[in-house]
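Peer 1: got a sequence here, can you model it:
(one chain, ligands or ions: 1)
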Amino acid sequence: MNQADRQQQIERAMCLAPVIPVVVIEDARAAVPMARALVAGGVPAIEVTLRTAAALEAVRAIAAEVEGAVVGVGTVLGEADLLTAYDAGARFAVSPGATARLLDAAEQIPLPLLPGAATASEAMALLERGYRHLKFFPAVPAGGARLLAAWAGPLPQLRFCPTGGISVASAVDFLALPNVLCVGGSWLTPADRLATGDWAGIEQLARAAASLRP
Ligand SMILES: O=C(O)C(=O)C[C@H](O)[C@H](O)COP(=O)(O)O
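Peer 2: Just a heads-up that it's a prediction; the model follows:
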């Protein structure tokens, strides 16, 4: 898989809905009903962070059992994370930043990577390596929609998924920008709703997120 194919695949995932939910899953048994609720609400691309012991089992279950879901893996820090994500059936990987070692590894694995950038120099370095789709992280603390709007002039080739500190209110500001395809956020899958199995509540949050694009 070449970089152009990877970029096309990641763009497809980013365009499925205005929001990619960023999930921290503690109990893998919640994965399938949670993903079904998100898909039913109109939010099919789901990022499961590698921050918990249950994450990979959750990715495996969603990939195998949830029709319509496009599951990705987040908090990817190195080659081992990329390999385990690929083996678990992930369709894309997301990293908070980028290192040369991570990018070298990503070129060896047929799994599209959405790498994080927070400065113009980081974004330019990724553009040099063929990345046109980036995560902007941490979106709100790093400068919010005003910073991304400022990048649209000198870096018009880049498209972003801002993530980090985004709420429903700030999502609207980001989604109005020409260089934003979607935003990422944890607000669709709150820990308490996952713990109590409130799938109807998660579907409702997904439905509201799916209708966010102006
Ligand atoms: O895990 C990763 O790879 C990250 O980069 C961090 C996530 O993007 C944020 O944790 C999003 O969470 P909220 O800020 O609560 O919406």
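Peer 1: point out where this structure drops to low pLDDT.
Peer 2: Scanning the chain for pLDDT under 70 picks out 214.
Peer 1: show me which residues of it sit near the ligand.
Peer 2: Proximity of the chain to the ligand (CB under 6 Å from any ligand atom) is limited to residues 22, 49, 74-75, 94, 96, 137, 163-166, 184-186. Every residue, glycine included, has its C-beta placed from N, CA and C.
Peer 1: again, only using 8 Å
Peer 2: With CB under 8 Å from any ligand atom as the criterion, the chain meets the ligand at residues 22, 24, 47, 49-51, 74-76, 94-96, 116, 135, 137-138, 140, 163-166, 184-187.
Peer 1: just the buried residues out of those, in PyMOL syntax.
Peer 2: Selecting only the buried entries of these in PyMOL, with 16 or more other CB atoms under 10 Å as the criterion:
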select buried, resi 22+24+47+49+50+74+75+76+94+95+96+116+135+137+138+140+163+164+166+184+185+186
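Peer 1: how near is residue 170 to residue 185?
Peer 2: Remark: distance between residue 170 and residue 185 (CB to CB, to the nearest Å) = 9 Å.
Peer 1: for this structure, what spans make up the strands?
Peer 2: Using DSSP state E, the strands of the chain run over 19-23, 45-49, 70-74, 92-94, 113-114, 116-117, 133-136, 159-162, 183-185.
Peer 1: what's the neighbour count on the residue nearest to residue 154 when sequence neighbours are not counted?
Peer 2: Leaving out its chain neighbours, the residue that sits closest to residue 154 by CB to CB, 6 or more residues apart in numbering is residue 120, at 7.3 Å. By other CB atoms under 10 Å, 13 other residues sit near residue 120.
Peer 1: ok, now which ones touch residue 120?
Peer 2: By CB atoms under 8 Å, 6 or more residues apart in numbering, residue 120 lies in contact with 151, 154, 155.
Peer 1: rerun at 10 Å
Peer 2: The contact partners of residue 120, taken as CB atoms under 10 Å, 6 or more residues apart in numbering, are 147, 150, 151, 154, 155.
Peer 1: and the closest residue in space to the first one that isn't next to it in sequence, what is it in contact with?
Peer 2: When the adjacent residues along the chain are set aside, residue 147 lies closest to residue 136, with 7.9 Å between them (CB to CB, 6+ apart). Taking CB under 10 Å, 6+ apart as the definition of contact, the neighbours of residue 136 are 116-118, 122-123, 142-145, 147-148, 151, 158, 160-164, 174, 179-180, 183-184.
Peer 1: give me that answer again for 6 Å
Peer 2: For residue 136, the contact set (CB atoms under 6 Å, 6 or more residues apart in numbering) comprises 148, 160, 162.
Peer 1: ok, so of those residues, who is nearest residue 206?
Peer 2: Distance to residue 206, by CB to CB, is smallest for residue 162 among the contacts of residue 136, at 18.6 Å.
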